[in-house]
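J.: Sequence first, then the predicted structure, then my questions.
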Amino acid sequence: MHLFSISKVYRMQVLIILLLAGLTSSAFANDTWFALTWENDFIAREDSGYTNGMGLSWGFSSSDSIDNIIYSSIKPAISLLPGMRKKQRNFFLSYRVAQSMYTPQDIEKDNLNPNDQPYAGVLLWHANIHSFNEKSSDRYWLTLGAVGPVTGAAQVQKFIHKLIDKKKPSGWHHQLKNEPIFALSGERLWRLQTGEISKNIDYDWIVMSAGDLGTMRSEIGLGIGFRIGKALGRSFSAASIIPGRNINPLTVSLQDEWHLFTNAYTRYVLNDITLNGNTFRDSHSVDIKHHQILYAAGASYNAKHWGFMFYVEDGTRSFEEQSGNSLFASLSLSYGW
């Protein structure tokens with residue numbers, strides 16, 4: 001019974017992924033890259049809050065003109081976005097499908113805890129357009145997806161926990177109900193200061209700003225990042241507030257590039273469906289803490305064709321009743337040809 005239900009969920013997700021891939025590209029081009037990302041709170045040694053996420057990203061070679069990478073029908077709208085008509089820049093498109101799951105601290109408890117994180121499964125598709133040079137970066141993306149049992153998060157967590165002999169999740173019947181979700185997002189980064197520590201080691205300071213608007217999440221924030229490493233100008237295209245989800249589009253051509261990084265980001269969150277509950281239906285919810293601070297630190301390495309990134313993220317409470325830890329780790333592996 002369990003294997004049959006899991007099989008149905010996986011078939012549905014594979015069909016969604018193939019459909020979205022077909023809508024975004026009819027054929028893979030030269031300088032194509034793929035990336036797998038896994039995010040998990042295993043280092044906090046407890047399932048609480050954002051407990052697990054898996055994503056597949058892909059993109060293609062960049063262009064020096066936005067006209068070469070988008071359909072003519074949407075050029076007027078895209079050209080209105082800040083940074084999309086700047087000269088001497090590279091432009092590229094990328095896409096991502098991802099599944100995320102959120103759980104309360106005690107996943108063995110069958111009864112609903114009204115003061116803890118709601119059970120929520122999320123299945124998302126992102127279309128990302130990016131404009132950058134070695135000094136500034138503009139990124140915009142559209143997110144479409146769903147929350148609820150249709151995402152298959154409950155079956156995936158139960159199956160994985162059974163394989164690794166961990167706690168049995170017993171409260172997924174309290175999860176948020178099925179509902180479509182969307183978000184429009186933007187992010188701008190500036191390299192304010194660069195310098196050399198030695199002949200082959202550079203450093204830079206990056207200022208970050210971002211905003212989201214939608215039923216999935218609405219927020220606005222500002223942050224700062226510091227990096228140290230080799231060929232930082234070439235890897236700047238992958239710098240981000242959440243770096244593991246934005247893979248370097250130059251992975252194919254990078255040679256022995258590495259860097260260490262740390263970010264601090266403060267944001268004001270208006271709504272978050274994984275905390276506020278369903279937008280159009282009654283469901284479990286908690287009191288969101290609007291002002292939040294995030295911290296991240298990690299490392300990245302790129303050789304020709306291959307890229308690797310690992311980082312750890314922590315933050316302040318995301319809702320008033322929270323007592324668990326928001327700590328999680330992210331691992332990304334990319335390959336291009």
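T.: Nice, thanks for sending it over.
J.: where does the stretch 51-200 of the chain have low pLDDT?
T.: Residues of the stretch 51-200 of the chain meeting the criterion pLDDT under 70: 61, 73, 165.
J.: Just the helices from it, written as ranges.
T.: For the stretch 51-200 of the chain, applying DSSP state H, counting those that start in this stretch gives helices covering 75-78, 153-163.
J.: from those, which stretch is densest packed?
T.: helix 153-163 (a mean of 18; mean count of other C-beta atoms under 10 Å). C-beta coordinates here come from the backbone N, C-alpha and C atoms, glycine included.
J.: how close does residue 336 sit to residue 329?
T.: 24 Å (C-beta to C-beta, to the nearest Å).
J.: More neighbours: which of the two?
T.: The neighbour count for residue 336 versus residue 329, taken as other C-beta atoms under 10 Å, is higher for residue 336 (26 against 17).
J.: was I right about the more buried one contacting residue 32?
T.: Yes - using C-beta atoms under 8 Å, residue 336 is in contact with residue 32, at 6.4 Å.
J.: Taking the chain centroid, which residue in the chain is the extreme one?
T.: residue 199 (34.0 Å; C-alpha atoms, centre = their mean).
J.: if I look at that one, how far off is residue 227?
T.: Counting by C-beta to C-beta - residue 199 and residue 227 are separated by 17 Å.
J.: what ranges do the strands span in the stretch 1-150 of the chain?
T.: In the stretch 1-150 of the chain, the segments counted as strands under DSSP state E, counting those that start in this stretch are 33-40, 49-59, 90-103, 120-132, 136-147.
J.: Repeat that for the stretch 201-337 of the chain.
T.: 202-214, 217-230, 257-272, 291-303, 306-315, 328-336.
J.: Residue 330 is in contact with residue 37, isn't it?
T.: Yes - taking C-beta under 8 Å as the definition, residue 330 is a contact partner of residue 37 at 6.5 Å.
J.: Mutual contacts of the two, please.
T.: Taking C-beta atoms under 8 Å, 6 or more residues apart in numbering as the contact rule, residue 330 and residue 37 both touch residue 244.
J.: Tell me who's in contact with the closest residue to residue 185 other than its chain neighbours.
T.: With C-beta to C-beta, 6 or more residues apart in numbering as the criterion, residue 185 has its nearest non-adjacent residue at 4.5 Å, and that residue is residue 212. Counting by C-beta under 8 Å, 6+ apart, residue 212 touches 183, 184, 185, 218, 219, 220.
J.: Would you mind measuring from the residue nearest to residue 240 when sequence neighbours are not counted to residue 229?
T.: Closest residue to residue 240 apart from its sequence neighbours, by C-beta to C-beta, 6+ apart: residue 246 at 4.2 Å. In this view, residue 246 and residue 229 are 17 Å apart by C-beta to C-beta.
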